[in-house]
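1. Using only what follows, build the 3D model:
(2 chains)
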There are 2 protein chains.
Amino acid sequence: MISEILVIGDEIRSGVMVDSNAAYIARKLKEIDVEVTRHSAIGNDPTDIINILKEISQRSNIAVVIDGQSLIGENLKAAAAAKVKDVSMSVDTQALVSMENHFKAHSRPLTHFNKKKAMLLPSGTRCLRNLVGESSDFHFKIEQCDFFFLPGVPSEMRQMLQEQVIPWIRKIQKTTTDVRLIKTFSTFGLTESAMVDHVDDFNQLFPQIELSFRTNFPGIQVNLYTRGTDEGDVRVQMEAANQWVYRKLGNKIISDIGESIEKVVGDLLGRKQAHLAVAESCTGGLIADLLTNVPGSSDYFVFSAVTYSNQLKMKILGVTAQTLDRYGAVSEQTAKEMAHGVQQISDTTYGLSVSGIAGPGGATIGKPVGTVCIGLASSDFVRGHRFCYKFNDRWMNKYIFATTALDLLRQELLGIPHG
Amino acid sequence: MISEILVIGDEIRSGVMVDSNAAYIARKLKEIDVEVTRHSAIGNDPTDIINILKEISQRSNIAVVIDGQSLIGENLKAAAAAKVKDVSMSVDTQALVSMENHFKAHSRPLTHFNKKKAMLLPSGTRCLRNLVGESSDFHFKIEQCDFFFLPGVPSEMRQMLQEQVIPWIRKIQKTTTDVRLIKTFSTFGLTESAMVDHVDDFNQLFPQIELSFRTNFPGIQVNLYTRGTDEGDVRVQMEAANQWVYRKLGNKIISDIGESIEKVVGDLLGRKQAHLAVAESCTGGLIADLLTNVPGSSDYFVFSAVTYSNQLKMKILGVTAQTLDRYGAVSEQTAKEMAHGVQQISDTTYGLSVSGIAGPGGATIGKPVGTVCIGLASSDFVRGHRFCYKFNDRWMNKYIFATTALDLLRQELLGIPHG
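-> Purely as a prediction, here's the structure:
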């Protein structure tokens, strides 16, 4: 089955918005063994829409067409689809009733704009009732291709895909007895070229397993994918590949189920019934933000003191004026006192601290932008670390500082010897 | 000039990665008046690449082709381009020398993988020396279309685009004396349908001005774009449109140069020489993180206490056990004590606090997920606010809570009366 994805909207075409719907749809279709061969994005020009619908109808079997998120304008997709198939537009009463009910249920007024969107669909269309949001969408066959026209708002598109498109494809799919296995490793601490060099031999050693990367700054995800008819064989091969990847990447692997560093650290803390407090300077709350993005983080995360000023480093964390004077705010010594201080006032198992220079300002002689000092304290020990990164970007620096600190804590929790 | 963008890579096609390069390129080309009419993404299959290069060469004048970010594999683009034009591949010594110099300058070893990438290009190619990174790229004409093949790593692609592609297009562009004006409003506090209803008449009133939206959760950016030959006329029209938008959207406009809420609040604090301290609970450091993403924020941002536990709310911020017992952590009363406490210990002009339920857990009777209480304190006043949002997503809740708090501070700084 040849399938593709089309996004319609001037805001995508002109780059005002980045489309992430297409990637989501491609992943979801891959889960049911439908490979998307092409994504396209075009603007709101009716002729362009008609031309590309024609092209797709001639080369594909399934197409998912989504709106950009532009709010103004008529339902361009419907008009173009009607034209390509040479049918008229008609009022879809089912869509209108469904929309009226939705708005009534949510005690919201049905605006003129919403009404207009629901009114007209190409004749012969199968209306896909969009109960999530405010638009009405449809399934329409042109030539050999089944087109599913979905809304661009991600939450609505996702529900429609799950409830309307995927079940329909599964029904017409030839049943397959193939076994498919997917493995996703999250890694931390390798550059892209280093990663490639590490796994350079993979394709030769495991020709039946697809290896791909997903750069997810500052980490890289390594994906293995395979399928076959004999379950035993497939499992043996995948297991051998897993072990090979583990041997090559070792401690750089932080998760073998694709989890983020904050989730991995959170789980380790939870498993040890340990608690964590953080003292942040240049990361400005990002460590706490990452940790608390994980549901249930209140079980182990207690406190972060984001002390941007030296005054507050002393007042809240008990960093001494002497240390700040002698070594500066960005130093192992200050980081150690911050970590110790926050661990003590919070009475937690661990205190983790970061002080560094995210840029663009703040560099001094011997401490360029990208310098970061990290402290880790428990009731038994206090350690200081120093790193220097070369990203010339404030956000990237904040992010790599925060995740480097979390990775040091991960290594401590796993008992990995520190260098 | 018809121009388009093609992204090649299985990780984009299959949805493992979201491509944001295409949007960037489209915006940059629009700045020099080149409208991109289509984006496409396909995988690494050589036949697919050859077919789409042929298609593009027949319908467009300019095409920017970028690699996905997959690191393994040969230079598929080069081989396909050579095949479409029916020329052989040859070793590009210029590219190899340039790459060797780059690696020498950065004291990094030139790996086998990097070498392989530089070695072969289609004969007759104009090599675009990629001095930023590790790959070699080229400019190649097929039929009527000038193809620019660029790397997928964003920083490298951006430099190549700026230094190689844009100057080349400008040279061949017909010189135009058109005046172009762009205006970008950032808004906060309007839903998408409300926004559409507010500006429903725009297209009728200002037919020569293009209005577009960019949903940038939780705000919406409103973009106006116009061009014309008479500078006076264009300016008068744009000014009238600006005033109309201001009348319609009023205080919902937070910036008329497209700035984020954290930048706007930071500038207002800076202009008043005011200082801010924050006390966060459910936002978990996100407010501090947003504020400190702005370079120079150390001028006004002093401290955030991310007190996830009640213990630390009492110990650090001086919230009373009585208040927590009687009203709970998520209450206007607690939020007020948090704001007051953090303002006092930090000795800042303002203290801002947030306590709420981001979900998925934590809801109680009368306090569903999405409930948030916000406190704002100065040495003169302490105020409490309560909001209830209906997003069923932890991250969205954290984000809307944090930005709602920042918007309340913005209104205070502007002297907008509070409801």
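2. Select the helix or strand of chain A having the lowest average pLDDT value.
-> helix A:112-119 (a mean of 56; mean pLDDT, DSSP states H and E).
3. Find the nearest non-adjacent residue to residue A:326, please.
-> Spatial nearest neighbour of residue A:326, excluding adjacent residues (Cβ to Cβ, 6 or more residues apart in numbering or on different chains): residue A:333 at 7.6 Å. Backbone N, C-alpha and C define where each C-beta goes, glycine included.
4. burial count for that neighbour?
-> Neighbour count of residue A:333, defined by other Cβ atoms under 10 Å in any protein chain shown: 19.
5. The one 5 residues further on now?
-> When neighbours are counted by other Cβ under 10 Å, residue A:338 registers 33.
6. Tell me who's in contact with it.
-> Residue A:338 makes contact with A:279, A:281, A:307, A:313, A:317, A:319, A:351, A:353, A:355, A:375, according to Cβ atoms under 8 Å, 6 or more residues apart in numbering or on different chains.
7. where does the residue of chain A most remote from its centre land on pLDDT?
-> Distance from the C-alpha centroid of chain A, by Cα atoms, centre = their mean, peaks at residue A:322 (43.7 Å). According to the prediction, residue A:322 has pLDDT 98.
8. Check the one 3 residues further on too.
-> In this model, residue A:325 is scored at 97, pLDDT.
9. That one: which element?
-> Using DSSP states H and E, residue A:325 sits in helix A:321-327.
10. Only C-alpha atoms, please: export that helix in PDB.
-> This file holds the C-alpha atoms of helix A:321-327, laid out as PDB (Å, rounded to 0.1, in the frame of the first residue of the first chain):
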ATOM      1  CA  ALA A 321      31.200  35.200  50.900                       C
ATOM      2  CA  GLN A 322      34.800  33.900  51.200                       C
ATOM      3  CA  THR A 323      34.200  31.200  48.600                       C
ATOM      4  CA  LEU A 324      32.400  33.500  46.200                       C
ATOM      5  CA  ASP A 325      35.200  36.100  46.600                       C
ATOM      6  CA  ARG A 326      38.100  33.700  46.200                       C
ATOM      7  CA  TYR A 327      36.800  31.300  43.500                       C
END
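11. just checking, residue A:263 touches residue A:296?
-> No: Residue A:263 is not in contact with residue A:296 according to Cβ atoms under 8 Å; the separation is 10.1 Å.
12. So for the two, which sits in the more crowded spot?
-> residue A:263 (20 against 12).
13. give me the number of residues near residue A:37?
-> 19.
14. Help me confirm that it is found in a strand?
-> Yes: counting by DSSP: H, G, I helix; E, B strand; the rest coil, residue A:37 falls inside a strand.
15. Roughly how far does it sit from residue A:215?
-> Residue A:37 sits at a distance of 23 Å from residue A:215 (criterion: Cβ to Cβ, to the nearest Å).
16. just to revisit the earlier point, could you name the helices and strands sitting against the helix holding residue A:325?
-> helix A:310-317, helix A:332-346 (3 or more Cβ pairs under 8 Å, 6 or more residues apart in numbering or on different chains; DSSP states H and E).
17. one step back: who's in contact with the residue nearest to residue A:326?
-> So residue A:333 contacts A:323, A:326, A:327, A:384 (Cβ under 8 Å, 6+ apart).
18. which pair in those residues spans the largest distance?
-> A:326 and A:384 (14.1 Å; Cβ to Cβ).
19. between those two, who's got more neighbours?
-> Between residue A:326 and residue A:384, counting by other Cβ under 10 Å, residue A:384 is the more crowded of the two (20 against 11).
20. Domain ranges for chain A, per the record?
-> A:3-172, A:179-255, A:265-413 (automatic domain parsing).
21. Among these, show me which one is buried the most.
-> domain A:265-413 (a mean of 21; mean count of other Cβ atoms under 10 Å in any protein chain shown).
22. tell me how far the ends of that one are from each other?
-> 8 Å (Cα to Cα, to the nearest Å).
23. Below-threshold pLDDT in the stretch 151-300 of chain A: ranges please.
-> Across the stretch 151-300 of chain A, the ranges flagged by pLDDT under 70 are A:174-177.
24. Contact residues of it facing chain B?
-> Residues of the stretch 151-300 of chain A lying close to chain B (Cβ under 8 Å from any Cβ of the partner chain) are A:153, A:192-193, A:195-197, A:199-200, A:202-203, A:211-215, A:223, A:278, A:280, A:282-289, A:291-293, A:295-298.
25. What about those residues, which are in strands?
-> In this view, those that belong to strands under DSSP state E are A:211, A:212, A:213, A:214, A:215, A:223, A:278, A:280.
26. Could I have the CA atoms of stretch A:147-159 written out in PDB?
-> Provided in PDB are the C-alpha atoms of stretch A:147-159 (Å, rounded to 0.1, in the frame of the first residue of the first chain):
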ATOM      1  CA  PHE A 147      -8.200  10.300   1.100                       C
ATOM      2  CA  PHE A 148      -8.800  11.100   4.800                       C
ATOM      3  CA  PHE A 149      -9.200  14.800   5.300                       C
ATOM      4  CA  LEU A 150      -8.400  15.700   8.900                       C
ATOM      5  CA  PRO A 151      -8.200  18.900  11.000                       C
ATOM      6  CA  GLY A 152      -4.800  20.500  11.700                       C
ATOM      7  CA  VAL A 153      -5.200  21.000  15.400                       C
ATOM      8  CA  PRO A 154      -3.000  18.200  16.800                       C
ATOM      9  CA  SER A 155      -5.400  16.900  19.500                       C
ATOM     10  CA  GLU A 156      -8.300  16.700  17.100                       C
ATOM     11  CA  MET A 157      -6.200  15.200  14.300                       C
ATOM     12  CA  ARG A 158      -4.800  12.500  16.700                       C
ATOM     13  CA  GLN A 159      -8.200  11.400  17.900                       C
END
